[in-house]
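K.L.:
3D, please:
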Amino acid sequence: MTNPLLIAPDGTGIASSLSLHPYDDINNWLKGDFKTPPWSPKQIQDFQDRLDSAFGAKNAFVLVWSADRRYGDEFYNEHGELEKKPPLLFKEVPASDKPNEKDYIYIGVPRWMIMEVHHGSQLEAGWESASWVTDPDGSKRRVRPENPPEFYYVNARVIDRHEQTSVIGAVAPCCQRMWSNGKNVCFGRYREPDETDIAFVRGIRENQDKANVVQRNDAERCAKIIQDGNLATKHFMKRSAELKSLAVQEAMLAHPEAFFGDILKDRGATMSPREFESTVRQALEQQHEERFEKTV
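P.N.:
I've put the predicted structure just below:
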């Protein structure tokens, strides 16, 4: 399989710094040089005013640069410190190769986003139940602050450019190529916010009006919506599953013949103990890497 770090973000093939916009070159993403948005504060505010006008309410949908952690999920990291991630992640890179150290470097995707704003009062009913994860030893651990934030942001739209399709509703060819390379998300090509994004927000308002839906700041949201839209919960649920998998893997490696001896015997395989352990370890490590690959 092609190295995913060499694939253009829209799956169009091998990335080249000579042919790609800097925001489309994944090698640049790994440097983390895109914390400053490419628009001035005035440009951002002017576009925000247009979004407000399209929806008919102020700051119901906001224009966000993907590296702005003010709009990311707030959670307790493994050190018990409150931390925020970028709202759009490409990759989580371990800060150390030591298995007991849990720090991660978060690699974002340089894109504009439109995020839907929810008031904290909407989340109170499901906040507490969505604020805990279960560790491998069965104990519960809080990963969110005790109280919901004043505002909670959910990704409504990543602003990017995908290849056009000949059939309405069909999956874009660039997305299909990305999936064929084992990636779950196609980030397309970078583009600046434009009229299509204004129309997107206006369409949400029009659909709500047709359905006679009035946006209420006090409307409750269930825990599942919070979990589905929150990177922090996904992060810790994945880490918990990964630690459990490692524990099972170590048990298998400690007694490989007990777990795999009959299988190899039935197939007539003959190996020395060292060859046997090496083969089992390689297979388990490959399986673990495929299941818990850090790239999106």
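
K.L.:
quick one, helices of this protein?
P.N.:
For the chain, the helices defined by DSSP state H occupy 26-29, 41-55, 124-127, 173-180, 195-210, 223-229, 231-254, 256-266, 273-291.

K.L.:
buried set for the fourth one?
P.N.:
The reference is to helix 173-180. Of the residues in helix 173-180, P173, C174, C175, R177, M178 count as buried by neighbour count, 16 or more other C-beta atoms under 10 Å. Where you see a C-beta, it was placed from the backbone N, CA and C, and this is true even at glycine.

K.L.:
Just the C-alphas of that helix, formatted as PDB.
P.N.:
The C-alpha coordinates for helix 173-180 follow below in PDB (Å, rounded to 0.1, in the frame of the first residue of the first chain):
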ATOM      1  CA  PRO A 173     -13.700  10.300  -7.300                       C
ATOM      2  CA  CYS A 174     -11.100  11.800  -5.000                       C
ATOM      3  CA  CYS A 175     -12.900  10.400  -2.000                       C
ATOM      4  CA  GLN A 176     -13.100   7.000  -3.600                       C
ATOM      5  CA  ARG A 177      -9.400   7.000  -4.200                       C
ATOM      6  CA  MET A 178      -8.700   8.000  -0.700                       C
ATOM      7  CA  TRP A 179     -10.800   5.200   0.700                       C
ATOM      8  CA  SER A 180      -9.000   2.700  -1.600                       C
END
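
K.L.:
Please put the alpha-carbon coordinates of stretch 38-48 into CSV.
P.N.:
Extracted C-alpha coordinates of stretch 38-48, given in CSV (Å, rounded to 0.1, in the frame of the first residue of the first chain):
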residue,chain,number,x,y,z
PRO,A,38,-4.8,33.2,6.1
TRP,A,39,-7.5,35.9,6.4
SER,A,40,-7.3,39.1,8.4
PRO,A,41,-9.6,39.6,11.4
LYS,A,42,-11.7,42.0,9.3
GLN,A,43,-12.1,39.5,6.5
ILE,A,44,-13.2,36.9,9.0
GLN,A,45,-15.7,39.3,10.6
ASP,A,46,-17.1,40.4,7.3
PHE,A,47,-17.8,36.8,6.3
GLN,A,48,-19.2,36.0,9.7
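
K.L.:
which residues of the stretch 101-250 of the chain score low on pLDDT?
P.N.:
Low-confidence segments of the stretch 101-250 of the chain (pLDDT under 70): 101-102, 168-169, 180-184, 214-250.

K.L.:
how deep is H162 tucked in, by neighbour count?
P.N.:
By other C-beta atoms under 10 Å, 17 other residues sit near H162.

K.L.:
Let me see the contact set for it.
P.N.:
H162 makes contact with D10, A172, C174, C175, C186, G188, R189, according to C-beta atoms under 8 Å, 6 or more residues apart in numbering.

K.L.:
Torsion angles phi and psi at it?
P.N.:
Phi and psi for H162, reported as degrees, to the nearest 10, are phi -110, psi 160.

K.L.:
how much space is there between it and R111?
P.N.:
12 Å (C-beta to C-beta, to the nearest Å).

K.L.:
residues near E150, how many?
P.N.:
8.

K.L.:
Run a quick neighbour tally on the closest residue to A156 other than its chain neighbours.
P.N.:
If the residues on either side of it in the chain are set aside, A156 comes closest to E116, at 4.5 Å by C-beta to C-beta, 6 or more residues apart in numbering. Neighbour count for E116, taken as other C-beta under 10 Å: 18.

K.L.:
Wait, E116 touches Y153, no?
P.N.:
Yes - E116 is within contact range of Y153, at 7.1 Å (criterion: C-beta atoms under 8 Å).

K.L.:
buried sites along stretch 33-45?
P.N.:
By neighbour count on 16+ other C-beta under 10 Å, the buried set for stretch 33-45 is F34, P37, W39, I44.

K.L.:
measure it end to end?
P.N.:
23 Å (C-alpha to C-alpha, to the nearest Å).

K.L.:
average pLDDT for it?
P.N.:
Across stretch 33-45, pLDDT averages out at 93.

K.L.:
Begin at 48, not 1, for the rest of this chat.
P.N.:
Okay, residue one is now 48; in that scheme the one you just asked about reads as stretch 80-92.

K.L.:
Contacts for that stretch, please.
P.N.:
The set of residues external to stretch 80-92 that reach it, using C-beta under 8 Å, 6+ apart, is Y70, N75, F94, L110, W112, A114, D115, G155, P157, W159, E239.

K.L.:
Which members of these are classed as buried?
P.N.:
For those, buried by 16+ other C-beta under 10 Å: Y70, N75, F94, L110, W112, A114, D115, G155, P157, W159.

K.L.:
Thank you kindly, that will do.
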